[in-house]
Structures are given as structure tokens and as C-alpha cells.
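Participant: What would the 3D arrangement of this be:
(chains A and B)
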Amino acid sequence: MIAFLIKRLFHALLVMFVISLIAFAIQDNLGDPIQQMVGQSVPESERAALREQLGLNDPFLVQYLRFAGNALHFDFGYSYVFNEPTTEVILRHLPATLELVFASTLLIVLLSVPIGVYSAIRPRAWLSRFFMGVSIVGISVPVFLTAIVLIQLFAIGISWSPFPADTGWGVWLNGILSTDGGMPAYGRGNPTHVFGTWYTNFSSLSGMAYLVLPAISLASIMLPLFIRLIRAEMLEVLQSEYVKFARAKGISMRRIYFLHALKNTMLPVITVGGVQIGTLVAYTILTETVFQWPGMGLMFLDAIERSDIPLIVTYLMIVGLIFVITNTLVDLIYGLVNPTVKLTGKPA
Amino acid sequence: MFKKTLLAGALGAAMLTAALPQAAMAENTLRMAYDADPVSLDIHEQLSGGILQLSHMSFDPLVRWTSDFEFEPRLATEWEQVNDTTMRMTLREGVTFHSGNPFTAEDVAWTIDRLKRSPDFKAIFEPIETVNVIDDHTVEIVSKRPNPLLLNMATYIFPLDSQFYSGETDNGKERDEIVKNGNSFASRNMSGTGPFRVTSRQQGVRLEFERFEDYWDTESPGNVDNIVLTPINESATRVAALLSGDVDFIAPVPPNDLERVESDADSNLVTMSGTRIILLHMNQERVEAFKDPRVRQAFTYAINQQGIADRLMKGFATPASQLSPEGYVGHNPDLELRFDLEHARELMAEAGYEDGFSISMMAPNNRYVNDAKIAQAVAAMLARINVTVDLKTLPKAQYWGEYDDRAADVMMIGWHSDTEDSANFFQYITECPNAETGAGQYNAGNYCNPELDQLLADANLELDLEKRGEMLQQIEQGLYDDAAFVPLHWQDLAWASASNIDIEPVLNVMNFPYLGDLVIEE
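Facilitator: Prediction:
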């Protein structure tokens, strides 16, 4: 166990090193940060002075070594836009992203397991077919579009009246086709302070209302995937010998489904799920942009637009770190669920 | 089914929240969304739209522009030209800063001194030699040479609280330090005389203001008590936030959503012809053919500005034949649009380029409204005079580096005159490039006409404003005849608000709304 964690630590350091090197190598293609810092009519001499002051004229290796040296002391440099250490900027934006990812994960778990299991147990039921159909659509619609549609439907609202409004049935049908809107269309509202830089939306109903549309949009990427994954795994398990044997022995169906079959279904799902949480963090870039959700994703896109290189590098490294941490956790949980798995990779 | 019940539940929760802000609106709160927020609270750190908007909220200029380009007294109540180089200004009495310090002539002198040290502003304030404090409410601003633009410059002088910004901070830094990339006292704290005080700031997320209770301008009809500014970069989200009633005031409104906002009964749309010119430079150093004025003219005849403004920009642009928009002293009303394909072909033939030639072209794709589409349209139009265009569009972060390198034969640029005066256009866009003086810094066409430059130099010393205007119009004529560049259009401006907010009276083409005067109807 300890050996495994130490190995993973080296793993993480290697990942961070490679990411920082790549991010540094492409910085020249990210544009000129000076351009974003000064007005259009500022003379070239002033720009040159600023460039020198920021050390942008130094050769690549000098710049990288300076960065790496500071990084060893957990100093990742100053953001050009926010004028403060990049780690502080990211720490301030991190809670918003984590809350969004948490809310989506919750939605995914709460919805995918029952739907997946149901459509495996009753594969021919019309409801199962409906879920499968919708999930196909869900997979193919980009998150950006989902978000815009959700905003139109539930934040702005649509009034559509193809049926005559002077008849009772017409009003009723029009009512079905129209939505009222009223959901918050952007941002986090006024989240409650917890501690340090952590503000939460989970403390009140009105706070959570801000989370609903972004969380659904973000979940819409993974939810169909998980429904189909759980269904496929469950179907396979239900075909297996031990389930047939259990049925033959007369064990109740509920016990077979939810104790024996589900446990074996969840093993591969946990593995995929852990990796996907990292992906979810990466996908927040799109969701946060549409909903102006003040998290790391939005911050990262802004940083790219303004060529805020130190912030870009730090963001990439932190997302890399999140990937490594979630993978490590997944492996640990996997070991708990299935003790025959040896973490160090040696044969049992 | 699960999804549906969830949404229904969420909708119920939303009703609850929608009711909340209404109850807390006993005071007038303006919730607004711009596409960006100011980068700093130090208004001398960067010369940008965001900073000027902030300046007009938390500070007051000596004079400000009215919507028809007249000067309106603010902290300066009267001004007179004492001699060719000296202007005497009388300052308003009984004005206090947010800190409680009284506003005096010392603050004006101190502020101008600081502006002359700011990397972004020093070029504008270079002509000022010194500022003499005559008494508490009188200053004399002395220029190095006759300066017809002193009042234009005065719109940039937002007096800072010199006592508040003097001395040292706890960690031994000067409080008046101007730091571009770093944490300075002035970038976190402010004290101005303006209608609003910043109460909380989370950069990129939220900026909150409250009305300054001792604001001097008690005659202003403005009744906004609090302002919450949220930057929303994504155009579709900004519009959605307005339509759903989450914010009361947005800018800019993207051209694609103008109709949608206009047709919304609860919203109020205001558009105006802007002053930012979009144009193309034809690089004479890179392309031999561009040295021939007939070829340059052929380009201006081949491009259909009206068509671009009507169809591509959906009427959200004013087609241009010159740099100066209407209202500027240099605007020359005689210059007409010249789209005439036949004549363009004749000119090309006359110059010996009947069969055309190939050029490269670059344009940004996220800087100006529809910039990449405009460039594509231009390329298609040039094909009709047998010019083949190799077009490359880039995000603005990368584009400006290429622009500085003059990396393509034809390049697009948009320019807004910092001084709201025509001379600023000529100085950066068409003057003969000179690395030492900084003239023609953005003249990517390498166009050079010493006669016009001389005329410009003379105009900048001419205190008779009418005569000066004629000289500037003469320059526009010269540039037009030479086809020094291809003018496309002035980008229009659009704002929108909730229907109970009358934004029109506080808006202007400079795009710094005078929010202190904004009225919210009950």
C-alpha cells in the first residue's frame, strides 16, 4: 500500500514535469501577453520595457529553469491578469468547479444506476427503449448546445401557441408546449462563505437553483454513457452461470439483482467512473463558459484569451494532478471492492 | 421520467429564488453585465474601455463629452485660454473624495503628474509641460507648444485623491506606484469624487458599487443606489441573462441577437453609430503593385462597403469612406463611397494588372464584430478583379504579434481615436512610419505622404478650431485620393436594458455610460 502510494507520487511528479514542459514549449504560440496588458496606442519602447521586466526576452531554457526552480518551492509565478500568485487564483476558482463537478456526479450516479439496472432487467419494456433512444441523442448533442437549449427553456422560457388560445383545450396544449423560465441563467448568485476561499451553493435552496442547469448540462455528457455501460455490464452479469445457479436455488430476484449482480456490475463502472471524473473537470471549460460559472474552466479560457501563460501552465498542472489523484483513489476503491486485486501489481 | 420530475422540482426552487431579489429591491440596484470587467482599480494602469467605464463611475473628469461631442463641465467649471500655451481652469468647490478629503487644485496637479508617469497614458499627456496651482480652485495647465486638444485631454483627467494615494503602505511600498503586473496599493484601493464607490471586488466574477452619499452632483436625476457588475464574456449568455431578467443592463449586444432583444417586450435596445473604424492596410513594401495608386484605388472600388454593412453586419455598421466618423472635426462630408466594379477593372488594366496577382491577407477572428467573415467577403470581392487572396484568420492573442511583424500583404485593423479627434487616426494609421517618434505605429501599409504629415503637424498647433477642422478634412481628402488604405465601416454600438430603465440619456459613442445619471423607474 505504502509502496503503491510512493510509486503514484513519482507518477504525479513525472506527469507534472511533462505537462509543464509542454505548456512552456507552446507558450510562444499562445500570443503576446503584453498586447493584453497595455492600451493600443502605447509606444513600442514601453512594451519592450515591460517585456524585459517580465523576463520574456530570456531564452526558453532560462525561463523554464527559473519557473521550475520556483515551482519546487510551490511558487508557480504571478498571473499577468490577476496580479497575484497563480496558485491563489486557482484556489479561489477551484471550489466553484468542484461543486459543479460534484453536483453533476451526484446526478449521474443517482440517475444512471437505477435507469441502467432497470433497462437491463426489462430490456424490452417501452421505458427501457425510450431511455436507450434518449441516451443516443444525449451522446451526440454537444454540451454547448444542451446548455443553450436549457437556458432558453428554463431561464428565459418559451411561449409557443400553435393552438387557438380562445379554447380551453388550446390553452392547455399551449401550456404544455410553453415554459415559464425563471431559472438563473448565469453565475453562482451569492454563494455562502464556508471557510478560506470556499463559498458554497449547497447551503440553501436558492443557491442550489443556480447549480441545476449547469450541472445538468455537464452531466449530459456522461449520463448516457453510464446508463449504457451499466446496462451492458448488468446484462452480461445476468447471463452468467452464478446468476442462473442462484435463480435455480430459488433466491429472491431482488436479492440476485441488487446484491449479487449489481456488485459485479459496479466493478468496471467504478474504474471508468474514476477516469471520467477527471474528464468531467476538463469538460467544465465549456459548461462554465456558457453559464458564466466562475470556476477554473472559465478562468482558463480567459487566461488563454489573454495569453496569461503562468496561469495556463499552473491550470494544466493542477488538472493533471487531479487526474493522477482520481486514478489513485479509483485503484484504492477497486482494491476494497475486489480484494483479489493487488495494488502493487505483483501476482497474488 | 426522472429527468422530468427533477426539472419540475428545480423549477419550483427557481420560483422561490426569483421572488427573493424582488423583496430586497427597496433600494435601486442595477445589475449589469459587460463582456469584461476592469483589470484593476488603478485607473492609470491601462488605457482601455473597461478602465474608462470604471473611471466614469468612481471618478469624475475635469470635463466630459456630451452625446454630440460638446464639452460639458464637471470638476472644471470654467476654462479660458490665457495665451497660446496656457489654459486656466476654475475648479468646482465643495467637492469631497470618497475618503472624505476635500478636492483641490493640488489634486489636479498631482493627477496630471502621475498620468505623465503612466506607461499607457504618458504619450497622450506628453504635450503638457507643467501645471501651476494658482489657488485652491484654480489651475493653469501649460503646454510645451500650442495645443488645440487640451480639452480633449481634460476628458482623461480624473482627479485622484492625492492625500489618499500619498505615503507608504504597511510593507513599505509607495502608495502611488503604478504597477502593470503586480499588486499595488492603487490597484486594490481607490478614492475618487465619482458617484459610486467600489464596495467589493472579485476579479472576473463580480464588482459591486454603492452610491457615494456625499456626491457633489445633487442635481443629477440619477437614482441608482447599488450596482453589481458581472462580466459575461459569452454573448449568448449575456443576452440570455437579460431576457431571463437576471440582469438589467447589458453591453455589447451581439448583432445576431439584436432582433431578439428588440422584439422582447420587457427589454429596451439602444444602438448608435460608433466611432471605431475597421480598415485594411495594403503593404507597399511587400507588394510592388501597391506602390501604384491606381491599384490601391482599384481595391477601394472593388470592395462593396455598403454590402458588407447591410448583409454581413445586418445594418449594424456604418459604411465608411474615410477615417473620421460624423461628428469629428476632421469628417469630410464630400467623400463618397466608391463601389464600382467596372471602374476597378479599368484601373487595374491601366496599371498593367489586368490579369491580377496573388496576395496574402490576415485578419483577427475574435477581435471585431464578424471580423473573419468580413475578411472572407473582401477576399471574394477582390477575386472579381482577378486578385487571388490567401487569407489567414487568427485569434487576437496571436494576431497582434503578426500585425507588428507586418506578416501579410493586406491586414485588418480597427481603430478608435483616444482623443475623439481625427488627428489621432492619422498619427497611428497613416503617418509615415517612424520608429523613433512612434508615428505610424500601426501603419501596416507603409503608406507615406510627407505633405499630409506636414499638414497634420500644422493642424496640431492650430488653436483656431474651425481652421484646424478644415486642415484635417483636407488630410482626409488627400488620403482618399491616394487610396492610402481601404476603409470598411465604423462598428456600431448596442446596449440593452430592462424596460423600466431609461439608458438612452446616459449613453454615448465613446461607450462609457454616465451611470451616475441613470434613472430607474419605480
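Participant: Not counting its neighbours along the chain, what's nearest the residue nearest the centre of chain A?
Facilitator: The centre of chain A sits closest to A:Leu280, judged by CA atoms, centre = their mean, with a distance of 2.2 Å. In space, and not counting its chain neighbours, A:Leu280 is closest to A:Val101: 5.2 Å by CB to CB, 6 or more residues apart in numbering or on different chains. For every residue, glycine as well, the C-beta is placed using N, CA and C.
Participant: so what's that neighbour up against?
Facilitator: A:Val101 makes contact with A:Leu218, A:Ile277, A:Leu280, A:Val281, A:Thr284 under the criterion CB atoms under 8 Å, 6 or more residues apart in numbering or on different chains.
Participant: Looking at the residues you listed, which has the smallest pLDDT value?
Facilitator: Lowest pLDDT of these: A:Ile277, 83.
Participant: That residue sits in which helix or strand?
Facilitator: Using DSSP states H and E, A:Ile277 falls within helix A:262-291.
Participant: Next, the buried residues of that helix.
Facilitator: When burial is assessed from 16 or more other CB atoms under 10 Å in any protein chain shown, helix A:262-291 yields the following buried residues: A:262, A:264-266, A:269-270, A:273-274, A:276-278, A:280-281, A:283-291.
Participant: same thing with stretch A:23-39?
Facilitator: Buried, per 16+ other CB under 10 Å, within stretch A:23-39: A:23-24, A:27, A:30-39.
Participant: how close does the residue nearest to A:Leu280 get to A:Val281?
Facilitator: As for A:Val101, its distance to A:Val281 is 6 Å (criterion: CB to CB, to the nearest Å).
Participant: go on, B:Gln306?
Facilitator: Note on B:Gln306: its distance to A:Val281, by CB to CB, is 49 Å.
Participant: go on, B:Arg145?
Facilitator: From B:Arg145 to A:Val281 the distance is 59 Å (CB to CB).
Participant: you'd agree the residue nearest to the centre of chain A is up against A:Ser220?
Facilitator: No: using CB atoms under 8 Å, A:Leu280 makes no contact with A:Ser220, being 11.3 Å away.
Participant: would you list every one of the strands in the stretch 101-250 of chain A?
Facilitator: A:192-195, A:198-200 (DSSP state E, counting those that start in this stretch).
Participant: Remind me what the first one packs against, helices and strands.
Facilitator: Counting by 3 or more CB pairs under 8 Å, 6 or more residues apart in numbering or on different chains; DSSP states H and E, the packing neighbours recorded for strand A:192-195 are strand A:198-200.
Participant: So which other helices or strands are in contact with the strand it packs on?
Facilitator: Contacts defined by 3+ CB pairs under 8 Å, 6+ apart place strand A:198-200 against helix A:86-121, strand A:192-195.
Participant: can you give me the mean pLDDT across that strand?
Facilitator: Computed over strand A:198-200, the average pLDDT equals 89.
Participant: What strands line up against it, and which way round?
Facilitator: Strands that pair with strand A:198-200, judged by DSSP bridges, come out as strand A:192-195 (antiparallel).
Participant: so what's B:Pro61 up against?
Facilitator: Listed by CB under 8 Å, 6+ apart, the contact set of B:Pro61 reads B:Ser55, B:Arg74, B:Leu75, B:Ala154, B:Thr155, B:Tyr156, B:Ile157, B:Phe158.
Participant: which regions of chain B sit below the pLDDT cut-off?
Facilitator: Per-residue confidence for chain B (pLDDT under 70) gives these ranges: B:1-26.
Participant: could you point out the longest strand in it?
Facilitator: Assignment by DSSP state E gives strand B:267-282 as the longest strand of chain B.
Participant: That one: what's the following helix or strand?
Facilitator: With DSSP H and E, the next secondary element past strand B:267-282 is helix B:293-302.
Participant: Now do residue 139: how many residues are near it, please.
Facilitator: Defaulting to chain A. 15 (other CB atoms under 10 Å in any protein chain shown).
Participant: should've been chain B
Facilitator: 26.
Participant: Same check on B:Asp482?
Facilitator: Neighbours of B:Asp482 under the rule other CB under 10 Å: 15.
Participant: Make sure it is actually in contact with B:Val295.
Facilitator: No: B:Asp482 lies out of contact with B:Val295 (CB under 8 Å); the separation is 11.7 Å.
Participant: Dump the helices and strands packed on strand A:198-200 to JSON lines, plus mean pLDDT.
Facilitator: What follows is the helices and strands packed on strand A:198-200, written out as JSON lines (pLDDT from 0 to 100):
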{"stretch": "helix A:86-121", "mean pLDDT": "92"}
{"stretch": "strand A:192-195", "mean pLDDT": "87"}
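Participant: hey, which of those is tucked in deepest?
Facilitator: Each of the helices and strands packed on strand A:198-200 was scored by mean neighbour count; the highest is helix A:86-121, a mean of 21, by mean count of other CB atoms under 10 Å in any protein chain shown.
Participant: Can you pull the residues of the stretch 101-250 of chain B lying near chain A?
Facilitator: Contacts of the stretch 101-250 of chain B with chain A, taken as CB under 8 Å from any CB of the partner chain, map to B:119-120, B:122-124, B:179-183, B:187, B:202-206, B:230-234, B:236-237, B:240-241, B:243-244, B:246.
Participant: Go again with 6 Å.
Facilitator: Residues of the stretch 101-250 of chain B lying near chain A by CB under 6 Å from any CB of the partner chain: B:119-120, B:123, B:180-183, B:203, B:205, B:232, B:234, B:237, B:240-241, B:243-244, B:246.
Participant: Setting the sequence-adjacent residues aside, check what's closest to the one residue in the stretch 251-400 of chain B that gets nearest to chain A.
Facilitator: Among the residues of the stretch 251-400 of chain B, B:Ala397 lies closest to chain A, at 2.9 Å counting by CB to the nearest CB. Distances taken as CB to CB, 6+ apart put A:Gly31 closest to B:Ala397, at 2.9 Å, once the chain neighbours are dropped.
Participant: Would you mind listing what in the stretch 401-522 of chain B touches chain A?
Facilitator: Checking the stretch 401-522 of chain B against chain A by CB under 6 Å from any CB, the hits are B:Gly401, B:Asp418, B:Gly438.
Participant: So which of those wins on neighbours?
Facilitator: Among those, the one with the most neighbours (other CB under 10 Å) is B:Asp418, at 21 neighbours.
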